[in-house]
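J.: Turn this into a model:
(one chain, ligands or ions: 1)
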Amino acid sequence: MKYYLTTPIYYVNAAPHLGTAYSTFVADMIKRLKKMEGFDPVVLTTGSDEHSLKVERAAQAAGMNPLAYTTRMSAEFISQWAKLGIDYDHFIRTSDPKHHETVRWLFERCEKNGYIYKGAYTGAYCVSDEAYVNDVEPGEPCPTCGRPTETVTEENYFFKLSAFQKPLLELYEKNPGFVKPDHRRNEMIAFVQKGLNDLSITRTSLQWGIPAPVEGHHVFYVWFDALISYMSAVKERDLWPADLHLIGKDILRFHAVYWPAFLMAADLPLPKQVFAHGWILHEDNKMSKSRGNVVRPGPIVDVVGADALRYFLLREITFGQDGTFSYDALIQRYNADLANGLGNLASRTLTMIHQYRGGLIPDSAGSSEIAETARRTTELAMDEFSAFNFSRGLETLWAFISAIDKFIVERAPWKLGKDTSSFAQQQLDEVLYTAAEALRIICAWAYPVMPSSARNIWIQLGMTTPIESITFADLHWGKLPAGQKIGSVAAVFPRLDASAIAKMEHLEVQEKARQAELFGTAKAPASPAEVTESAKISIDDFVKVDLRVGQVVSAERVKGADKLLHMKVDIG
Ligand code: MSP
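T.: Model (predicted):
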């Protein structure tokens with residue numbers, strides 16, 4: 001049976017950051033889990049949302065034509081996802097002509113069924129959210145994101161969203177799993193119960209969009225264009241409806257109200273589930289480009305690896321709720337759970353097998369008590385992971401790691417190793433087999449979350465089947481073959497100290513400058529070190545500061561100096 005899941009398609013006017021990487025990481029993990037569960041094929045799509053006013057403006061600001069700009073930016077997403085080890089199947093770009101055909105096809109189906117009409121509209125529009133905003137005066141801030149709105153008057157084509165109030169409420173009622181988590185579903189019910197306004201789905205004021213098949217110049221509203229990308233991404237394959245749309249909570253209304261309404265209007269099957277996760281916060285706010293508080297995944301991956309970052313985000317944040325990122329918390333989790341936890345269990349187990357059994361897995365059934373704990377752990381972890389309680393699922397697995405650590409300490413194999421009696425040697429076989437078999441099961445569970453580290457330990461354990469092919473059936477106790485030769489031991493998660501944070505912060509400054517250059521917004525810092533140095537001042541210095549706004553009239557190089565500019569500034 002197939003399983004088709006999607007990430008949102010990302011606006012290309014901002015570079016990928018931890019917030020946008022989060023949906024993508026989780027989607028990649030669910031893909032691997034669903035494969036383990038036996039779904040086949042499991043298909044994951046992602047992509048870039050390239051139209052919209054804000055992308056058009058960003059291209060203008062960068063002095064590029066929109067297609068050249070979006071081509072460059074989507075390439076940046078593709079290369080970042082590769083760096084993060086994301087295993088997606090299709091990357092859809094909304095500038096792709098095949099997608100344009102699908103958008104027009106959707107429009108024509110809705111039109112044929114009587115859900116499209118021409119009308120005029122004047123209202124407050126939030127460019128950042130790409131949505132009209134009700135109940136605010138012109139220029140007032142958008143109630144969702146707080147940025148100023150603009151007044152827009154247009155003669156557009158409208159979608160009769162108002163006709164779908166009842167069908168949508170029925171959908172939420174009959175299919176309570178359609179929107180998850182439950183509290184988000186309740187929000188959608190409340191929103192729809194208030195009544196739905198028809199939706200303007202074409203624009204005449206911008207050029208950069210998909211031309212609508214109507215008279216005159218109309219391009220499609222970006223959300224009418226973007227949502228159907230989930231279908232155009234897999235048009236050649238028989239995969240629709242999607243089993244899961246994974247999104248952030250800020251775009252739930254588009255997925256849980258507009259999207260099913262478009263599909264109902266076009267007589268098309270609905271996706272099975274929309275799951276809205278929370279936000280990654282940094283410095284107390286949603287991480288976003290406009291707030292200027294983004295942290296980029298690349299530098300973190302360079303220092304601690306993509307797996308550690310994935311583990312941190314999944315373990316630290318209750319999926320569905322907001323959670324905070326900080327470098328300190330990342331390093332603490334890494335050392336406690338990965339270096340001291342899983343990494344230590346792997347190296348001590350494998351080292352003992354080399355030391356006491358010449359690198360061969362001993363012949364034993366292992367401890368029946370631990371076998372039972374493993375069975376219960378798998379049962380619990382399965383429940384938690386299928387309910388998308390990833391943090392609790394990982395907690396369960398790490399409790400199992402602690403149980404094995406305790407078991408090893410209690411059985412003291414280092415003492416058994418010195419005792420040559422056959423009883424002691426049999427006991428030693430049991431301890432070593434138990435630790436190795438537990439490690440195999442933990443590795444299999446860790447694989448969807450930390451694919452490359454789990455693969456690494458799997459190979460050290462001497463497993464010959466690729467870890468990518470494991471299924472839930474492989475999680476049963478006793479599948480580790482006696483006599484298997486293990487590989488050489490290498491630390492998978494070496495301990496980190498505070499210098500790792502300094503390294504990440506330093507690389508972050510460089511990465512920020514690289515992306516600013518790429519996005520055409522570079523202010524050309526003299527050197528990353530200087531930026532770090534000048535980024536903060538003490539409170540004592542701050543009170544001495546006299547800030548004024550002025551206009552730079554001229555700036556000239558000073559002969560003989562390579563870092564000095566002579567500036568004339570008009571401060572009125
Ligand atoms: N282009 C639309 C989605 C169209 S899907 C048909 C869009 N793009 S976005 O780039 O602004 O956001 C993409 C996703 O990233 C959204 O799910 C959003 O919630 C998520 N995130 C952006 N910042 C985030 C955090 N700080 N934390 C978690 N997720 C966040 O919306």
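
J.: For the residue in the stretch 351-500 of the chain that the ligand sits nearest to, grab the count of nearby residues.
T.: Nearest to the ligand, among the residues of the stretch 351-500 of the chain, is residue 390, at 14.4 Å (Cβ to the nearest ligand atom). For the C-beta atoms, the positions are set from N, CA and C on the backbone; glycine is no exception. Using other Cβ atoms under 10 Å, residue 390 has 23 neighbouring residues.

J.: List the contacts of it.
T.: By Cβ atoms under 8 Å, 6 or more residues apart in numbering, the contact set of residue 390 is 26, 29, 314-315, 319, 384, 449.

J.: so where do the helices sit in the stretch 251-400 of the chain?
T.: Applying DSSP state H, counting those that start in this stretch to the stretch 251-400 of the chain gives helices spanning 252-253, 259-265, 297-304, 306-316, 327-333, 344-357, 368-386, 390-411.

J.: For the closest residue to residue 313 other than its chain neighbours, list the residues it contacts.
T.: Nearest residue to residue 313 in three dimensions, chain neighbours excluded: residue 22, at 5.9 Å (Cβ to Cβ, 6 or more residues apart in numbering). For residue 22, the contact set (Cβ under 8 Å, 6+ apart) comprises 248, 277, 280, 313.

J.: Am I right that residue 13 is in contact with residue 58?
T.: Yes - contact criterion Cβ atoms under 8 Å: residue 13 and residue 58 qualify, at 3.7 Å.

J.: what do these two both touch?
T.: residue 519.

J.: now the residue lying closest to residue 142 once chain neighbours are set aside: how far from residue 143?
T.: In space, residue 142 comes closest to residue 126 once its chain neighbours are excluded; the distance is 3.8 Å by Cβ to Cβ, 6+ apart. Distance of residue 126 to residue 143, computed by Cβ to Cβ, to the nearest Å: 9 Å.

J.: Could you dump the helices of the stretch 251-400 of the chain into TSV and include distance to residue 419 and mean pLDDT?
T.: Output for the helices of the stretch 251-400 of the chain, formatted as TSV (distance: least, Cβ to Cβ, whole Å; pLDDT from 0 to 100):
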stretch	distance to residue 419	mean pLDDT
helix 252-253	62	98
helix 259-265	67	98
helix 297-304	41	96
helix 306-316	38	98
helix 327-333	39	96
helix 344-357	11	98
helix 368-386	21	98
helix 390-411	12	98
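
J.: Nearest to residue 136, out of the ones you listed?
T.: helix 252-253 (16.3 Å; Cβ to Cβ).

J.: what's the neighbour count on residue 484?
T.: For residue 484, the neighbour count with other Cβ under 10 Å is 17.

J.: isn't it right up against residue 462?
T.: Yes - counting by Cβ under 8 Å, residue 484 does reach residue 462; the two are 4.7 Å apart.

J.: Ramachandran angles for residue 414?
T.: Backbone torsions for residue 414, taken as degrees, to the nearest 10, come to phi -60, psi -30.

J.: So it versus residue 352, what's the distance?
T.: 8 Å.

J.: out of these two, which sits in the more crowded spot?
T.: Between residue 414 and residue 352, counting by other Cβ under 10 Å, residue 352 is the more crowded of the two (19 against 12).

J.: any low-confidence regions in the protein?
T.: For the chain, the stretches with pLDDT under 70 are 138, 521-537, 541, 544, 558-563.

J.: what residues does it put near the ligand?
T.: Proximity of the chain to the ligand, by Cβ under 6 Å from any ligand atom, involves residues 8-11, 19-20, 22-23, 49, 226-227, 229, 247-248, 250-251, 279-280, 286-288.

J.: Now go through these and say which are in helices.
T.: 19-20, 22-23, 226-227, 229 (DSSP state H).

J.: if we take those, which one ends up nearest to the ligand?
T.: Of all these, the ligand sits closest to residue 19, with 2.4 Å by Cβ to the nearest ligand atom.

J.: who touches that closest one in this structure?
T.: Applying Cβ under 8 Å, 6+ apart, the residues contacting residue 19 are 248, 279-280, 286-288, 294.

J.: Please report which of those has the highest neighbour count.
T.: Busiest of the contacts of residue 19 [other Cβ under 10 Å] is residue 280, holding 24 neighbours.

J.: Quickly list what it is bridged to.
T.: Under the criterion DSSP bridges, residue 280 forms beta bridges with residue 323.

J.: anything in contact with each of residue 484 and residue 462?
T.: Both residue 484 and residue 462 are contacted by residue 361, under the criterion Cβ under 8 Å, 6+ apart.

J.: Relative to residue 301, how far out is the closest residue to the ligand within the stretch 201-350 of the chain?
T.: Using Cβ to the nearest ligand atom, the closest approach of the stretch 201-350 of the chain to the ligand is made by residue 248 at 1.7 Å. Noted for residue 248: a distance of 21 Å to residue 301, by Cβ to Cβ.

J.: Next: residue 118.
T.: 50 Å.

J.: And residue 89, how far from residue 242?
T.: Counting by Cβ to Cβ, the gap from residue 89 to residue 242 is 13 Å.

J.: I misspoke; the intended subject was residue 450.
T.: 26 Å.

J.: Looking at these two, which is more packed in?
T.: Taking other Cβ under 10 Å, residue 450 and residue 242 do not tie; residue 450 has more neighbours (27 against 23).

J.: Excluding chain neighbours, give the residue nearest to residue 467 in space.
T.: In this structure, residue 467 finds its nearest non-sequential neighbour in residue 458, 4.4 Å apart by Cβ to Cβ, 6+ apart.

J.: ok, how many other residues are close to the one you found?
T.: Close neighbours of residue 458, defined as other Cβ under 10 Å, add up to 24.

J.: what do you get for residue 324?
T.: Residue 324, neighbours per other Cβ under 10 Å, totals 15.

J.: Likewise for residue 260?
T.: 22.

J.: Spatially nearest residue to it, not counting backbone neighbours?
T.: Closest to residue 260 by Cβ to Cβ, 6+ apart is residue 270, at 5.1 Å.

J.: So the one you found is in contact with residue 256, correct?
T.: No - applying Cβ under 8 Å as the test, residue 270 and residue 256 come out as separate, 10.5 Å apart.

J.: Looking at those two, which has the bigger crowd around it?
T.: Neighbour count, other Cβ under 10 Å: between residue 270 and residue 256, residue 256 has more, with 28 against 17.
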